[in-house]
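Novice: Curious how this folds, go ahead:
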Amino acid sequence: MSFAVSLSQLLLAVVFAVAAVAKLADRSGTRSAIEAFGAPPRSAPAGALLLPIAELAIAAALVPAATARWGALAAVALLVIFSIAIARTLRAGSAPDCNCFGGLTQTEVGRGTLIRNLLLGGIAAFVALSASGQPVGAFHWVTIPAARDRPAIVFMVACLAGLGWFCWQLLRQNGRLLVRLEAQGAGASPPRAAAKALPPLEPGTAAPRFAGTDLHGEPVSLDSLLAPGRPVALFFTDPGCGACESALDAVARAQRERAGELTLAVISSGSIDRIEEKATQFGLDRVVPQGDEALFDAYRVYGVPGVVEIDEEGSLSRPAALGIDAVREVVLGTAPSRPHERVGLVAR
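Specialist: Numbering: from 1, shown residues only. Modelled structure (predicted):
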């Protein structure tokens, strides 16, 4: 039994250490993921630092015999928190990038993510319960080959094989990314998002006209939005964009609090059902569904969340801006917390 406990400690320590280092190397992605899971934007920067530090502390505690039980209990607690956050997000119909291993993976949360966390939580609980008796270190298994541990050895080898398969898939993914980058450098066809990208529309350019209907069937056009004689902001989003969640809060707030000084409309791609769900969830008004990306292309918005600001005369006040900070700056009239940083951007 001590063999299985020791090897389980080592497995957990490696997983938490890799996750922590990857998150520290991708702080902006970690912060965006924390916001996408519903954390207050002000707490996201601190969370992007404290979370990987906590994971490193757990990994370190799992190695010595004296602290293994406490490290395992902390691992169980953290994995339970992760699982609750994932389950709540899935129930709300959102699928943000989990950023579980920082920039090493780009995977939306799903049932597989939840199952993986539950399996790791089960291993951590096994370590915590076993370590309450006679604790062992993470490398204790090296010195104890015993006949009674052979079933456990088979089980742990299977776990290691699964972990090896995951690492292999990760390397293959990174290899495909490098091939694509090399192909672009050699003049090969770039991805669709890059192929269609044009320079931003300059300030002073007449805003492209459009006409459509909102979720209530009421006609909405640029002329109708400009009719009250106020500046207009167009917020571009997609219900599948997890990073847009925090921006949607700001947009809904601006529609309520700045109604007398700014006309704000939401331009959303995606299915009508998902768009209606988000509109109801955040209390959004003037939501204009888009069956294609023609309006995104017309305003040269090549990512979400994005925003365009239009003056009273119907001319662009600024080029299309991308990212959560840029959206808040335009719709709430606040200065960005980090100029020129595109936070929470999802390329189209």
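
Novice: Domain ranges for the chain, per the record?
Specialist: Domain ranges of the chain: 2-185, 197-347, per automatic domain parsing.

Novice: And those, which one averages the lowest pLDDT?
Specialist: If the domains of the chain are sorted by mean pLDDT, domain 2-185 sits at the bottom with a mean of 75.

Novice: So which bits of whichever strand or helix holds residue 44 are buried?
Specialist: Here residue 44, judged by DSSP states H and E, is contained in helix 44-61. Within helix 44-61, the residues scored as buried using 16 or more other C-beta atoms under 10 Å are 44, 45, 47, 48, 51, 52, 54, 55, 56, 58, 59, 61. In this view, the C-beta of every residue, glycine as well, is placed from N, C-alpha and C.

Novice: Relative to the whole chain's centre, how far out is it?
Specialist: 17 Å (C-alpha atoms, centre = their mean, to the nearest Å).

Novice: ok, now stretch 123-131?
Specialist: 30 Å.

Novice: which parts of it are buried?
Specialist: 123, 124, 125, 126, 127, 128, 130, 131.

Novice: so who does residue 54 touch?
Specialist: 74, 78 (C-beta atoms under 8 Å, 6 or more residues apart in numbering).

Novice: again, but for residue 208
Specialist: Contacts of residue 208 (C-beta under 8 Å, 6+ apart): 222, 295, 298, 299.

Novice: How about residue 312?
Specialist: Contact partners of residue 312, counting by C-beta under 8 Å, 6+ apart, are 226, 229, 230, 231.

Novice: Can you tell me the closest non-neighbouring residue to the second one?
Specialist: What it means is residue 229. Excluding its sequence neighbours, the residue lying closest to residue 229 (C-beta to C-beta, 6 or more residues apart in numbering) is residue 312, at 5.7 Å.

Novice: swap in residue 12?
Specialist: Using C-beta to C-beta, 6+ apart, the closest residue to residue 12 is residue 62 (5.4 Å).

Novice: Can you pull the phi/psi pair for the residue nearest to residue 229?
Specialist: Per-residue torsions, residue 312: phi -60, psi -20 (degrees, to the nearest 10).

Novice: again, but for the one 4 residues further on
Specialist: Residue 316 adopts backbone torsions of phi -70, psi 130, taken as degrees, to the nearest 10.

Novice: Now that it has come up, it's in contact with residue 204, right?
Specialist: Yes: with contact defined as C-beta atoms under 8 Å, residue 316 counts as touching residue 204 (6.7 Å).

Novice: tally of neighbours for residue 23?
Specialist: Residue 23 is flanked by 27 other residues according to other C-beta atoms under 10 Å.

Novice: Repeat that for residue 233.
Specialist: When neighbours are counted by other C-beta under 10 Å, residue 233 comes out with 23.

Novice: Surely it and residue 309 touch.
Specialist: Yes: Residue 233 is in contact with residue 309 according to C-beta under 8 Å; the separation is 5.4 Å.

Novice: any common contacting residues for the two?
Specialist: By C-beta under 8 Å, 6+ apart, the residues touching both residue 233 and residue 309 are residue 330.

Novice: before we move on, the earlier item: looking at residue 316 and residue 204, which is more packed in?
Specialist: residue 316 (20 against 11).

Novice: what about the residue nearest to the more buried one when sequence neighbours are not counted, distance to residue 13?
Specialist: Spatial nearest neighbour of residue 316, chain neighbours left out: residue 205 (5.0 Å); criterion: C-beta to C-beta, 6+ apart. Distance from residue 205 to residue 13, counting by C-beta to C-beta, to the nearest Å: 56 Å.
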